[in-house]
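**Q** Need a 3D model of the sequence below.
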Amino acid sequence: MIEIFLLLVVLGIFAGLLSGFFGIGSGVILVPAYFFLFNFLNFPAEIIPLLATGTSMTTMVLVIPNAALTHYFNSNVNLEIVKKMFLFVFCFTVFARYVALQMDSITLQLIIAVSLVIAAFQVAIDIKPKKIAPKINSMELAVASCAIGLITSLVGIGGGILMVPYFTFRGLSMREAIGTSSVMGFCIAVSGSIGGLLFAPESSETINWLIGSAYVPAVLIVGLSSIYFAKIGAKISNKTSSKNLRLAFAFVVIVSAVRIIYDTLI
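**A** A predicted model of the protein is given here:
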């Protein structure tokens, strides 16, 4: 089992760097890694998707805060947007964990994958409307918050994959979009982990070290090993040019989309 421990430590380091640098919850890496782990541990196949996404959300409770604080202290967080999004995102993220127990997510995952590719190209070529309003319409932000909370919780990601392109399209700088996304990602992680605790598959009760939909050893090893490196990732992000950030983020989004398509169709 020492091999699993070391792999989880490496995963935590990589997840922390990714979370800090891009302002995303690192679920795009954690979810497939947990699929592999739970298959290796011979967990029941029918509940592995729920456990992988639930464990990913809970891990991000430890992964994200350091990066979010670093972005906040670097003045890269739009607090007005955070205040308007918080309640909507929280409620719909919890609700999505209930939905995840009831639905077949294949169609949804394909829609997400296509959306990710579109978002990646938007970020890469920096498409912006001709006229950018100084403030995002409150109703629009509420609808976007509900959709982001629902989608990200279903697939176990932190929301930055969707929020960063949205924030940049609505006029935030890349650094501010990443910082604001990082703070909102923490909200998604907390509410998703609460939803995973409340709405867990019944058969998970027979597996040791599971609390709700979260596998505690993975949460602790990955989460704790990521804390320091999330701060490093945020510092690197603050010193990197906006153009390089856009291209790097677009690459990560496209890789994520390919991973979702592969997991869905293969």
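
**Q** in this structure, which spans are strands?
**A** Using DSSP state E, the strands of the chain run over residues 210-211, 214-215.

**Q** most packed of the ones you listed?
**A** Neighbour counts (mean count of other Cβ atoms under 10 Å) averaged over each of those peak at strand 214-215, with a mean of 24. Just so you know, the C-beta spots here come from the backbone N, C-alpha and C atoms, and that holds for glycine as well.

**Q** Which strands and helices lie in contact with that strand?
**A** helix 27-40, helix 48-73, helix 174-198 (3 or more Cβ pairs under 8 Å, 6 or more residues apart in numbering; DSSP states H and E).

**Q** please redo it, this time with the cut-off set to 7 Å
**A** Packing partners of strand 214-215 (3 or more Cβ pairs under 7 Å, 6 or more residues apart in numbering; DSSP states H and E): helix 48-73.

**Q** roughly how far apart are the residue nearest to Tyr166 when sequence neighbours are not counted and Phe86?
**A** The shortest distance from Tyr166 to any non-neighbouring residue, by Cβ to Cβ, 6 or more residues apart in numbering, is to Ala144 (6.2 Å). Between Ala144 and Phe86 the distance, using Cβ to Cβ, to the nearest Å, works out to 13 Å.

**Q** Compare neighbour counts for the two and give me the winner.
**A** A side-by-side neighbour count of Ala144 and Phe86, using other Cβ atoms under 10 Å, places Ala144 first with 20 against 15.

**Q** Can you give me the neighbour number for Ser204?
**A** Neighbours of Ser204 under the rule other Cβ under 10 Å: 20.

**Q** contacting residues around it?
**A** Ser204 makes contact with 47, 51, 210, 213, according to Cβ atoms under 7 Å, 6 or more residues apart in numbering.

**Q** between these, which is nearest Val10?
**A** Leu51 (20.7 Å; Cβ to Cβ).

**Q** what's the burial count for that closest one?
**A** Leu51 - counted by other Cβ under 10 Å - has 28 other residues nearby.

**Q** ok, it touching Gly212?
**A** No: the pair Leu51 / Gly212 is not scored as a contact, 9.5 Å apart, by Cβ atoms under 7 Å.

**Q** mind listing what the nearest residue to Lys231 once chain neighbours are set aside touches?
**A** Spatial nearest neighbour of Lys231, excluding adjacent residues (Cβ to Cβ, 6+ apart): Asn66 at 4.6 Å. Counting by Cβ under 7 Å, 6+ apart, Asn66 touches 227, 230-231.

**Q** quick one: the residue nearest to the spatial centre of the chain and Pro201, what's the gap?
**A** Centroid-nearest residue in the chain: Gly158, 1.6 Å away (criterion: Cα atoms, centre = their mean). Distance of Gly158 to Pro201, given as Cβ to Cβ: 22 Å.

**Q** Tell me how far the residue lying closest to Asn39 once chain neighbours are set aside lies from Val31.
**A** For Asn39, ignoring the flanking residues on the chain, the nearest one in space by Cβ to Cβ, 6+ apart is Ile48 at 6.6 Å. The gap separating Ile48 from Val31 is 11 Å, by Cβ to Cβ.

**Q** and Leu11, what does it touch?
**A** Taking Cβ under 7 Å, 6+ apart, we find Leu11 in contact with 33, 222.

**Q** Wait, Met57 touches Ile194, no?
**A** No: judged on Cβ under 7 Å, Met57 makes no contact with Ile194 at a distance of 9.1 Å.
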